[in-house]
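Asks: Pasted the sequence and its predicted model underneath.
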Amino acid sequence: MFALPVTLGAFGLILVLARFRVPLGAAILAGSMAVGLALGLGGVGLAQTALAGATAPRSVGLALITILLLGLSILMRESGQLEEIVSLAHAVLRRPAVTMMAMPALIGLLPMPGGAIFSAPMVETASGRADVPRGLLSAVNYWFRHVWEYFWPLYPGVILAMALTELSIPSWSRLMLPASLFMFLGGLLMLRGTHPDLHAKSVAAPAGTKRKLLRATGAIWLILLIWVATFLPANYWLGSRPAGSLLGAIPRYGPLILGLLGSIFWTLHTRKLGAKSLRKAFGQPSAYTMAVLILSIMIFQLTLEEVRAPQRIAEELQGIHVPMILVVAILPFIAGFVTGVAVGFVGTSFPIVLNLVGVSETAGAVWMYIPLAYGFGHMGQMLSPLHVCQILSNKYFGTTYGPVYRYLLPSALLTATLNTGYFLLLRQWG
């Protein structure tokens, strides 16, 4: 059976079930079963894959990070820190709409799985009393959380892409920086025609506001500092271990977990919070519901890996002789849509794309195709219903996929168009 229609059908099943208020975790597991059975995994294989997916070190690590993120955000909200950050940011940026974009972009500097759940309360607070649709709040939070993921060298997908293309950090950043600008411009579409209060300009901030904002965001910067301080040593000692092993998972998730723990204790100390606040923050059922949802996503992704869905889709596209430029765009897009993660679309599509372009006598230089491939792969993962950040953001704002896609699709179309134009310019001038 062909993998592409089966996989897309599984996504359709997930969306339909979610539309009828089936719990999203259960809908994702149903999609996983559909893919596995249709592509020959079998009942026993499904059970083994589900167990392996739920207990894999990366699944446990991501679930733990989600719990810590939610706990930290609750501590910051209950102590008034989130409101203080947003208030100071609004005083500096002067427009609620700009603050709504800036908050997730700030958190986006951290390579934090599921980080959209951390910025969601900030976006909600920044919107103020304006009558803003929940779908728009989720879309803005989700979109601007990922504007840096084209070139920022802390992201695993960027690191893997640089390794596969053999480009240095400066070369990669120069090549991909315009794509981040295109995504930012695409995101501006979401805020057209919104409530006028979101665009009202306030008076200039008093002197010293920027310093206060820097101090107020100390808990966020601490996460980044601890991550930077521990990531390189962890990769030096354990980077050669298999990514799926316990020791191999430490470099990817350990620095973030340490950073979050450090930020939690910093917040407790600076805000003079006690054990009662800590118990309240981590006693919320929503955090553990989110963790279970994460595990269902990881089961789905492992099921796709077990049946080799991305590889089979690539072979199917090549088998029907799709033109090379379309393969360069479509294959990463589908891989991103199927996996919902940058590492997924880079790892499955880039070796094929780079090889196809490299052996062609008429394609031109390989580097010209990199922004096209990465740009469409990134749009694929942004539109994926399995992207962890979208799921967590929608969950926080209490919205379903439909209202969010209403804003995502026009922004994605504009971003993809600009990325295509950039590729054509590179090919023309290269």
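Replies: Sure, I can see it.
Asks: Name the single longest helix found in the protein.
Replies: Ranked by residue count and defined by DSSP state H, the top helix of the chain is helix 401-429.
Asks: So which elements touch that helix?
Replies: The contact analysis (3 or more Cβ pairs under 8 Å, 6 or more residues apart in numbering; DSSP states H and E) places helix 401-429 against helix 3-19, helix 134-144, helix 169-188, helix 370-383, helix 388-397. Quick note: C-beta positions are derived from backbone N, CA and C, even for glycine.
Asks: Would you mark the buried spots in that helix?
Replies: Of the residues in helix 401-429, 401, 403-405, 407-408, 411-412, 414-416, 418-420, 422-423, 426 count as buried by neighbour count, 16 or more other Cβ atoms under 10 Å.
Asks: what distance separates the start and the end of stretch 228-247?
Replies: Start to finish, the residues bounding stretch 228-247 are 19 Å apart (Cα to Cα, to the nearest Å).
Asks: Please parse the chain into its domains.
Replies: The chain breaks down into these domains under automatic domain parsing: 58-145+202-288, 146-201+308-430.
Asks: L302 is nearest to which of those domains?
Replies: domain 58-145+202-288 (8.4 Å; Cβ to Cβ).
Asks: now the angle between helix 169-188 and the longest helix of the chain, please.
Replies: With axes from the mean of the first three to the mean of the last three Cα atoms, to 10 degrees applied, the angle from helix 401-429 to helix 169-188 works out at 130 degrees.
Asks: quick one: pLDDT of G375?
Replies: With respect to pLDDT, G375 has a value of 96.
Asks: sorry, back to before: TSV please, covering the domains of the chain and showing distance to A52.
Replies: Formatted as TSV, the domains of the chain follow (distance: least, Cβ to Cβ, whole Å):
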stretch	distance to A52
domain 58-145+202-288	9
domain 146-201+308-430	16
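Asks: Which of the ones you listed sits closest to G43?
Replies: domain 146-201+308-430 (18.5 Å).
Asks: Pull the distance from the closest one to the chain's centre.
Replies: Chain-centre distance of domain 146-201+308-430: 12 Å, with Cα atoms, centre = their mean, to the nearest Å.
Asks: cool, stretch 33-49 as well?
Replies: Centre-to-centre, stretch 33-49 and its host chain are 27 Å apart (Cα atoms, centre = their mean).
Asks: what's the span of it, first residue to last?
Replies: Length of stretch 33-49, first residue to last, Cα to Cα: 10 Å.
Asks: L175 versus M368, what's the distance?
Replies: 9 Å (Cβ to Cβ, to the nearest Å).
Asks: cool, R134 as well?
Replies: For R134, the distance to L175 - Cβ to Cβ - is 37 Å.
Asks: all helices of the stretch 151-300 of the chain, in order?
Replies: 156-165, 169-188, 209-216, 218-238, 246-270, 275-281, 285-306 (DSSP state H, counting those that start in this stretch).
Asks: Out of those helices, flag the one nearest G336.
Replies: Here helix 156-165 is closest among those (Cβ to Cβ), at 9.5 Å.
Asks: Give me the angle between that closest one and helix 218-238.
Replies: 40 degrees.
Asks: Next, the buried residues of helix 156-165.
Replies: So for helix 156-165, counting by 16+ other Cβ under 10 Å, buried means P156, G157, V158, I159, L160, A161, M162, T165.
Asks: The third one against W152, yeah?
Replies: Put plainly, it is V158. Yes. Here V158 reaches W152: they are 6.3 Å apart, a contact under Cβ atoms under 8 Å.
Asks: for L93, what are its contacts?
Replies: Taking Cβ atoms under 8 Å, 6 or more residues apart in numbering, we find L93 in contact with T99, A102.
Asks: Stretch 302-320: end-to-end distance?
Replies: Span of stretch 302-320 from end to end, Cα to Cα: 27 Å.
Asks: pLDDT below threshold where in the stretch 1-150 of the chain?
Replies: Within the stretch 1-150 of the chain, the segments meeting pLDDT under 70 span 1, 111-112, 129-130.
Asks: And the helices in it, which stretches?
Replies: Under DSSP H, counting those that start in this stretch, the stretch 1-150 of the chain gives helices at 3-19, 24-38, 42-55, 57-78, 81-93, 96-107, 116-126, 134-144.
Asks: now the longest helix of the chain and helix 388-397, what's the angle there?
Replies: 150 degrees.
Asks: quick one: helix 401-429 to helix 134-144, angle?
Replies: 30 degrees.
Asks: Nearest residue to L273 in space, please, no chain neighbours.
Replies: Leaving aside its chain neighbours, L273 sits nearest to S79 (6.0 Å; criterion: Cβ to Cβ, 6 or more residues apart in numbering).
Asks: do you know how far the one you found is from K280?
Replies: 11 Å.
Asks: Look at those two and report which has more neighbours.
Replies: Legend: neighbour count by other Cβ atoms under 10 Å for S79 and K280, higher for S79 (18 against 14).
Asks: Centre-most residue in the chain?
Replies: Central residue of the chain (Cα atoms, centre = their mean): C389, 5.1 Å from the mean position.
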